[in-house]
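Trainee: sequence first, then the predicted structure, then my questions.
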Amino acid sequence: MEKLYKLSEFARIVGVSRSAVIKWIRMGKVRAVNIHGRWYIPESEYERLIRGEGSEHSAKNP
């Protein structure tokens with residue numbers, strides 16, 4: 001199973017604010033999943049982001 005970063009953890013690793021990550025999720029720039037009211041970002045999104053690739057996926061709420 002792929003590692004999931006908490007929203008705040010992902011923001012710290014990427015070097016941006018939590019609100020910036022939320023904005024990216026809403027814009028579809030970063031794919032995220034909402035589990036029990038909390039946002040998580042897959043590790044593959046970090047790798048994709050540092051490679052400069054855009055996301056075709058939007059936020060998901062399983």
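Mentor: Perfect, I can see it now. Source: prediction; values computed, not measured. Numbering: from 1, shown residues only.
Trainee: when you work out contacts or count neighbours from here on, use the C-alpha atoms and nothing else.
Mentor: Will do.
Trainee: chain neighbours aside, what residue packs nearest to the residue nearest in space to the middle of the chain?
Mentor: The centre of the chain sits closest to Ile41, judged by CA atoms, centre = their mean, with a distance of 3.6 Å. Counting by CA to CA, 6 or more residues apart in numbering, Ala32 is the residue found nearest to Ile41 once chain neighbours are left out, at 4.6 Å.
Trainee: so the one you found makes contact with Tyr40?
Mentor: Yes: between Ala32 and Tyr40 a contact is recorded at 5.6 Å, counting by CA atoms under 8 Å.
Trainee: between these two, tell me which one has more neighbours.
Mentor: Ala32 (27 against 21; other CA atoms under 10 Å).
Trainee: using CSV, list the CA coordinates for the one helix or strand in the chain whose mean pLDDT sits lowest.
Mentor: For the chain, using mean pLDDT, DSSP states H and E, the weakest element among its helices and strands is helix 43-51, scoring a mean of 89. Provided in CSV are the C-alpha atoms of helix 43-51 (Å, rounded to 0.1, in the frame of the first residue of the first chain):
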residue,chain,number,x,y,z
GLU,A,43,3.6,9.7,-1.8
SER,A,44,3.4,9.4,-5.6
GLU,A,45,1.9,13.0,-5.7
TYR,A,46,5.1,14.3,-4.1
GLU,A,47,7.2,12.5,-6.7
ARG,A,48,5.0,13.7,-9.5
LEU,A,49,5.1,17.3,-8.2
ILE,A,50,8.9,17.4,-8.0
ARG,A,51,9.1,16.1,-11.5
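Trainee: and that helix, what's buried?
Mentor: For helix 43-51, a neighbour-count test (16 or more other CA atoms under 10 Å) marks Glu45, Tyr46 as buried.
Trainee: need the pLDDT of the residue nearest to Ile41.
Mentor: pLDDT recorded at Ala32 is 96.
Trainee: quickly note the distance from it to Ile13.
Mentor: Separation of Ala32 from Ile13 (CA to CA, to the nearest Å) stands at 15 Å.
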